[in-house]
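Please work out how this folds:
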Amino acid sequence: AALFNILNSGNVVVGNTTSTGVIGGTTKSGKFLIDTDTGQSTTVDMAIRRAEGTTATLGTQLFTVRQRGTLAAPAAIQNGDSIFDLYGVGWDGADYAYAASMSYATDGTIGTNIMPGRIMFSTSPAGSQTLAERMRITSAGNIGIGTTSPEARLSVYATSTSATMPLFGLYANNGAGTTS
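Numbering: from 1, shown residues only. Next comes the predicted model:
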């Protein structure tokens with residue numbers, strides 16, 4: 001089998017002959033797919049390297065670009081549009097299931113040289129593969145844990161009604177165990 005394939009669909013596949021798979025119970029198709037099956041923990045699936053001579057002022061950069069419209073005629077994205085999603089997916093014995101994600105989206109009015117953004121962190125609770133947002137950083141710099149609308153620099157909300165579950169804890173190891 002070829003190590004590199006360009007399919008009739010235009011999708012690019014490395015290490016496989018198909019660009020589709022079932023993730024979270026839904027068939028997904030990728031424009032660019034890298035499959036590795038080496039069994040070696042030292043193998044890297046994808047690496048991006050940068051060399052900048054002796055004035056290394058920038059690290060390696062990865063840009064994801066989003067627009068509405070077409071590539072030939074781009075249109076501005078709108079408030080709430082997703083820009084980039086990064087998913088952690090694992091094999092559960094039957095199919096691939098979502099474990100966690102990090103998403104970037106717009107968070108306010110878009111204008112010329114104005115692109116307010118937010119970052120959302122999600123995990124799947126025990127017994128599920130459905131992602132639930134756990135933390136958000138808004139364009140205002142507010143951080144929300146347990147809320148999608150933080151009103152302060154740090155807003156923490158508990159959804160449990162358990163009287164034994166602490167809402168917030170500071171812990172130190174005193175050598176004999178953990179104390180709060």
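
what sits up against stretch 111-125?
When contacts are taken as CB atoms under 8 Å, 6 or more residues apart in numbering, the neighbours of stretch 111-125 outside the stretch itself are 83, 97-110, 130-139, 148. (Each C-beta comes from the backbone N, C-alpha and C, glycine too.)

Got a PyMOL select line for the buried ones in those residues?
The buried subset of those, as determined by 16 or more other CB atoms under 10 Å, is captured in PyMOL by this line:
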select buried, resi 83+97+98+101+103+104+105+106+107+131+135+136+137+138
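
Low-confidence ranges, the chain, go.
Low-confidence segments of the chain, defined by pLDDT under 70, are located at 1-2, 22-24, 35-45, 49, 52-56, 160-166, 173-180.

please redo it, this time with the cut-off set to 90
For the chain, the stretches flagged by pLDDT under 90 are 1-66, 70-72, 90-96, 129, 156-180.

mind listing the helices for it?
Listed in chain order, the chain contains no helices at all (DSSP state H).

who touches Gly69 in this structure?
Applying CB under 8 Å, 6+ apart, we find Gly69 in contact with Ala75.

From Met102, how far off is it?
With distances defined as CB to CB, to the nearest Å, the gap from Gly69 to Met102 amounts to 26 Å.

now swap in Glu133 and tell me
Taking CB to CB as the criterion, Glu133 is separated from Met102 by 11 Å.

Likewise for Ala72?
Ala72 sits 30 Å away from Met102, taking CB to CB as the criterion.

What about Leu33, how many residues nearby?
Other residues within reach of Leu33, judged by other CB atoms under 10 Å, total 19.

That one bridge partners, please.
Judged by DSSP bridges, the bridge partners of Leu33 are Val13.

tell me the contacts of it?
Neighbours of Leu33 in contact, by CB under 8 Å, 6+ apart: Asn11, Val12, Val13, Val14, Asn16, Ser19.

Pipe these into a markdown table and attach distance to Gly25 per row.
As requested, those are exported to a markdown table (distance: CB to CB, whole Å):
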| residue | distance to Gly25 |
| --- | --- |
| Asn11 | 21 |
| Val12 | 25 |
| Val13 | 22 |
| Val14 | 25 |
| Asn16 | 21 |
| Ser19 | 18 |
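
Of the residues you listed, keep whichever come out buried.
Neighbour-count burial within the contacts of Leu33 applies to Asn11, Val13, Asn16, Ser19; the criterion is 16+ other CB under 10 Å.

Now the two most distant members of these.
Considering CB to CB, no two members of the buried ones among the contacts of Leu33 lie farther apart than Asn11 and Asn16, which are separated by 10.4 Å.
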